[in-house]
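**Student:** would you be able to build a 3D model of this:
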Amino acid sequence: MTYKAYAATMQSVWFSEDEGHSWNRLLTPTGGFYNEARVWAVTTHPERPGEVLAGSDQGLYRFTEETGRFDYIPSPMDQLHILKIAQDPHDADCIVCGTRPGEIFVTEDNGESWTRSTLDASTECWFINTSRVTSIHFDPRDRDTIWITVEIDGVFRSTDRGKTWQLIIRGLHDNDSHDLVFRDHDDGSRTILCSTEDGVHRSFDNGETWEQMKIPQAKWDYFRSLKQPAENSDTVIASVGDKPSGEAGELLISRDFGESWDICTMSHKANSTLWSIGTNPADTSLLFAATIFGQIFKSTDGGANWQKMARELGEIRMITWAPV
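**Tutor:** Have a look, this model is predicted:
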C-alpha cells in the first residue's frame, strides 16, 4: 500500500512519502498556499485518495495529487481560525468545519455554499479568551447526528446534521473537552468516552450524563486525543500531557474501551503534550502521533509500541495519513 502522512503545523502543511522519515512542504510561489501559514487541521476521505483539506488562519484549502497544489475554497470562515474539519463518511461533499471563536459551518455541496450553524457556544472563555472547536464526529450509527467538543464549553450534539445543537455536559467535571470515541455494542447499548482537561469521562446514555473515570496509569489529568485504530473497536489510544503545551507527555492504550489502561512503550521521551494521533481504517496497525512541539512518533503494531522519527517539525497541531 502506498500512503502519505500529513502534518498541520504553524508553518503550513508538511507531507511525508517515506513512512514518516522525511517531510517536505510546498513552495509558496507554486504551492498555492503561503508556506508559513498557521494550519490547525488536515483531513482526508477514502472516496478521494490524494485529496487533503486544510484549515488555516487564511481560510480553507484543498490539495489534490492531480494539481499538486493547494486551491483556496471561498467560505465565510476567512476571518476565523479553522481548527477542525470533518467529512461525512458516506458523502465526501458534506463537510463540517469548526472554528475559533467556537462556531460550526456546514456545506453539502463540496464547498460551493456554506451555512453557519446555530451553535450558540460561549464567545468568551476563561484562560483561552474565546471558545474553540476541538473535535467533530459524524455519529457512527445515525447519519443525521453530529457531535462536537468545544474548549472551554463542553460537548454538543446535533440530531439534524448541524442545523441546531444541544449542550450535554451533565456530570462533566470540566467543560474543557477535547475528543470523543464511540463503542456501539451488539445488544444495542452504547458507551462514549470524552477526553478533557480533567481526565476521561464516560457516558452510557448517549451523552445525557457523564461520569469521570479513574485512570491511575496516567501521570497527569490533561487528556487530549482519543482514537480507535479500527472503527467501533474496543481498542482506544489516548494522549496525555502535563499541561496544554507542557514539557512531557505519554500515550496510553486500552483494549477494553477504557475499563483498563496500559502505558505505551515509546522509544524517546515526549518533549510536550501528545497533541494528535493519526489513524486510518485502511491499516489499523499503522498510527502516527505528534507532540505539540514537533516530535513525530510512529507505531506499526496498533499502538502498543512507538518509535520516534528522526525528523522534527515546528509546532504541530494535527497529524494523519491516508492511502494515495
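
**Student:** helices along the protein, start to end?
**Tutor:** 28-31 (DSSP state H).

**Student:** how about Glu247, what does it touch?
**Tutor:** 271-272 (Cβ atoms under 8 Å, 6 or more residues apart in numbering). (C-beta placed from N, C-alpha, C; glycine too.)

**Student:** tell me where the model's unsure across the protein.
**Tutor:** Applying pLDDT under 70 to the chain flags residues 122-129.

**Student:** which residue is nearest the middle of it?
**Tutor:** Central residue of the chain (Cα atoms, centre = their mean): Ser135, 5.5 Å from the mean position.

**Student:** ok, now how distant is that residue from Ser299?
**Tutor:** 21 Å (Cβ to Cβ, to the nearest Å).

**Student:** likewise for Phe288?
**Tutor:** 8 Å.

**Student:** that older thread, run through the bridge partners of the residue nearest to the centre of the chain.
**Tutor:** For Ser135, the beta-bridge partners under DSSP bridges are Thr149.

**Student:** what about Phe139, neighbour count?
**Tutor:** Quick fix: residue 139 reads Asp, not Phe. 17 (other Cβ atoms under 10 Å).

**Student:** do I have it right that it meets Phe182?
**Tutor:** Yes. If you go by Cβ atoms under 8 Å, Asp139 and Phe182 touch, sitting 7.5 Å apart.

**Student:** shared neighbours, those two?
**Tutor:** Residues touching both Asp139 and Phe182 (Cβ under 8 Å, 6+ apart): none.

**Student:** residues contacting the residue nearest to the centre of the chain?
**Tutor:** Listed by Cβ under 8 Å, 6+ apart, the contact set of Ser135 reads 84, 98, 147-149, 178-180.

**Student:** as CSV, the residues you listed with distance to Ala7 and neighbour count would be great.
**Tutor:** Output for these, formatted as CSV (distance: Cβ to Cβ, whole Å; neighbours: other Cβ atoms under 10 Å):
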residue, distance to Ala7, neighbour count
Lys84, 16, 23
Gly98, 19, 30
Trp147, 25, 22
Ile148, 23, 28
Thr149, 22, 25
His178, 19, 21
Asp179, 18, 22
Leu180, 22, 21
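
**Student:** of those, just say which sits nearest to Trp275.
**Tutor:** Among the contacts of Ser135, His178 lies closest to Trp275 (Cβ to Cβ), at 9.7 Å.

**Student:** many thanks, we can stop here.
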